[in-house]
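1. My questions are about this predicted structure, shown below with the sequence.
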Amino acid sequence: MQTDTDTLTAPDLAWRENALCAQAGPEFFFPAPGSSTREAKQLCGACEGRLECLDYALRHDERFGVWGGLSEKERGRLKRQSR
């Protein structure tokens, strides 16, 4: 029997091991509405796992926070453009 934990195994989340976001708190990437995402995006820009993170967010329809250097609105635009 497969569990939810089995679904998110190493190949899907391997990028998280060395991701720079692991060194910052979640509030950094999930700021209060209207707050700046600039610092989170800068950190993402320096992260070697940025593209895998963005791919994960798009495939799993992550609707909140900064993922792969893009905000919710930016990921939404990217998804609409790729249709």
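-> Everything's here; your move. Numbering: from 1, shown residues only.
2. what's the closest non-adjacent residue to the spatially most central residue of the chain?
-> In the chain, the centroid-proximal residue (CA atoms, centre = their mean) is residue 67; its distance is 2.3 Å. Leaving out its chain neighbours, the residue that sits closest to residue 67 by CB to CB, 6 or more residues apart in numbering is residue 57, at 3.4 Å. Just so you know, the C-beta spots here come from the backbone N, C-alpha and C atoms, and that holds for glycine as well.
3. which residues sit in contact with that neighbour?
-> Neighbour list for residue 57: 67-68, 70, 75 [criterion: CB atoms under 8 Å, 6 or more residues apart in numbering].
4. Buried residues, the helix or strand where it lies. List them.
-> Secondary-structure assignment from DSSP states H and E places residue 57 in helix 50-59. For helix 50-59, burial by neighbour count (16 or more other CB atoms under 10 Å) applies to 50, 52-54, 56-58.
5. and if you look at stretch 32-49?
-> 37, 40-41, 43-44, 47, 49.
6. for the protein, which spans come out with low pLDDT?
-> Residues of the chain that meet the criterion pLDDT under 70 lie in 1-11.
7. Do you have the helices of it handy? List them.
-> Along the chain, counting by DSSP state H, helices occupy 4-7, 10-13, 26-29, 38-45, 50-59, 72-81.
8. Who are the packing partners of the last one?
-> With contacts defined as 3 or more CB pairs under 8 Å, 6 or more residues apart in numbering; DSSP states H and E, helix 72-81 has these neighbours: helix 50-59.
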